[in-house]
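K.L.:
Predicted model and sequence follow; I will ask about them next.
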Amino acid sequence: MVHNFCQGFQAGAIAAGIKKHNALDLGLIYSNHPAAVSGVFTRNQIQAAPVMLARRRIQAGLCQAIIVNSGNANCCTGETGLRDAAAMAAQTAQALGISEELVLTASTGVIGAPLPIDNITGSIANLAKQLDPNGFDDVARAIMTTDTVPKLISKSISINGESVTITGMAKGAGMIRPDMATLLCFVFTDIDATAKQLKPCLVKAVDDSFNRITIDGDTSTNDTVLILANGMSGVALDTPQSLNAFQTALNDLLVDLAKQIVQDGEGATKLIEIRVKGASSNADARRIADTVAHSNLVKTACFGEDANWGRILAAAGRSGAAIKPDCTDIYFDHVKLVEGGVGCGNRSEQEAHMVLQKPVFSITIDLNIGNGRAAMYTCDFSIDYVKINAEYRS
């Protein structure tokens, strides 16, 4: 259980009957007074009703509550879905005694099914009564779908000798690719900042974390990352020093959550960092890292613990980036498997096989033609991934 949450925030969760077996499926996060807010959302052209509502309301730059459900995405549900998202927010506002415009919505689950709105609106009053400064653990569980573990972090940092706390939770185990976020993530901090100050911080942190992970290459319709700052610490985000300290802490927190998501990928048994260096540019390094990380052939080889370096080299070669095969080296952790585009022999393959048996390892591709570098996190592709997604709606 995580402790030391942000001052001025409360949270709670309840079983509203959206998911089976009386599981927690409705969460509420509340700031004691309106907080500055910023967010990033899915780039998928098919967008869920709660995303549409949150996109519109976030323009005002203030938020006091987030109401979120799992088990149903409220996506591709037409005008009814939009009304249901608004009803969730309205009931929440009434229970908390705040303006509807200060309530943001989020949903995750099956696409295309009608939202059981009566279950939700009928549970919100009781949910509001359960708000607690230590209720974030329950919300982290309530937003899970195919996740096997909740993902929640809270850390305190010192800025100008004063303590600032950042708390973050996320859910995601499938439909994960680096195209904004492909998950739900909520971040809360007691730093004093405006929405305009928060936006570039969040965009950079997301680009260095959630935009560097992939599980299956699919992008969700409900992706939402929100950050709220209520100013309760009294520490202002108003100097280069405070900005740098806050940005570093936010980056670290989101990278940690991003790695937890990949490690909890549907059916995953391994967390793999794809590192590319020596590229002609950072952009080329990113293209190669992205292509290798998304390769089903590479991911299945990792699951089978087969050091099939030819698949890695082939993926790099089709990435569109500049590459010279006779200059390219490949490492599994510190084991050199390929030198100058040629395999290093059976002993190296045996040592690489030992690396592949570890739950966490890296694959490094050194192009030796420049100074560009990039990294991505991915996981293996197992038989269980197919089973989970073949039976998702049942």
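P.N.:
Thanks, I have the structure now.

K.L.:
Please enumerate the helices of this protein.
P.N.:
Taking DSSP state H as the test, the helices found in the chain are 49-57, 78-96, 117-129, 136-142, 195-207, 240-263, 282-294, 296-303, 309-317, 346-356, 383-390.

K.L.:
Indicate which one of the ones you listed is closest to residue 228.
P.N.:
helix 195-207 (8.6 Å; Cβ to Cβ). Any C-beta I mention is one placed from the backbone N, CA and C, and that applies to glycine too.

K.L.:
With mean neighbour count, distance to residue 183 and mean pLDDT added, can I get the helices of the chain in a markdown table?
P.N.:
Listed next are these as a markdown table, based on neighbours: other Cβ atoms under 10 Å; distance: least, Cβ to Cβ, whole Å; pLDDT from 0 to 100:
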| stretch | mean neighbour count | distance to residue 183 | mean pLDDT |
| --- | --- | --- | --- |
| helix 49-57 | 21 | 13 | 96 |
| helix 78-96 | 19 | 19 | 98 |
| helix 117-129 | 18 | 21 | 97 |
| helix 136-142 | 23 | 12 | 96 |
| helix 195-207 | 19 | 10 | 96 |
| helix 240-263 | 19 | 6 | 94 |
| helix 282-294 | 23 | 16 | 96 |
| helix 296-303 | 20 | 19 | 94 |
| helix 309-317 | 19 | 24 | 97 |
| helix 346-356 | 16 | 27 | 96 |
| helix 383-390 | 14 | 16 | 77 |
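
K.L.:
Export the ones you listed as CSV, with columns for distance to residue 17.
P.N.:
Converted to CSV, the helices of the chain look like this (distance: least, Cβ to Cβ, whole Å):
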stretch, distance to residue 17
helix 49-57, 18
helix 78-96, 14
helix 117-129, 4
helix 136-142, 13
helix 195-207, 33
helix 240-263, 27
helix 282-294, 37
helix 296-303, 37
helix 309-317, 45
helix 346-356, 44
helix 383-390, 23
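
K.L.:
So for residue 64, which of those helices sits nearest?
P.N.:
Nearest to residue 64 among the helices of the chain is helix 78-96 (7.4 Å), distances taken as Cβ to Cβ.

K.L.:
tilt between that closest one and helix 117-129?
P.N.:
Between the axes of helix 78-96 and helix 117-129, defined by axes from the mean of the first three to the mean of the last three Cα atoms, to 10 degrees, the angle is 20 degrees.

K.L.:
burial measure for residue 367, as a count.
P.N.:
Counted with other Cβ atoms under 10 Å, residues neighbouring residue 367 total 24.

K.L.:
Okay, and the beta partners of residue 378?
P.N.:
Residues in a beta bridge with residue 378, per DSSP bridges, are residue 272.

K.L.:
dump the residue contacts of it.
P.N.:
Residues in contact with residue 378, defined by Cβ atoms under 8 Å, 6 or more residues apart in numbering, are 213, 214, 215, 262, 272, 274, 293, 294, 299.

K.L.:
From what I see, the fourth one and residue 377 are in contact.
P.N.:
Spelled out, it's residue 262. Yes: between residue 262 and residue 377 there is a contact under Cβ atoms under 8 Å: 4.8 Å.

K.L.:
Now for those two: what residues contact both?
P.N.:
213, 214, 271.

K.L.:
Save those as JSON lines, and put in distance to residue 155 and pLDDT too.
P.N.:
Below are those laid out as JSON lines (distance: Cβ to Cβ, whole Å; pLDDT from 0 to 100):
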{"residue": "213", "distance to residue 155": "20", "pLDDT": "86"}
{"residue": "214", "distance to residue 155": "26", "pLDDT": "82"}
{"residue": "271", "distance to residue 155": "21", "pLDDT": "94"}
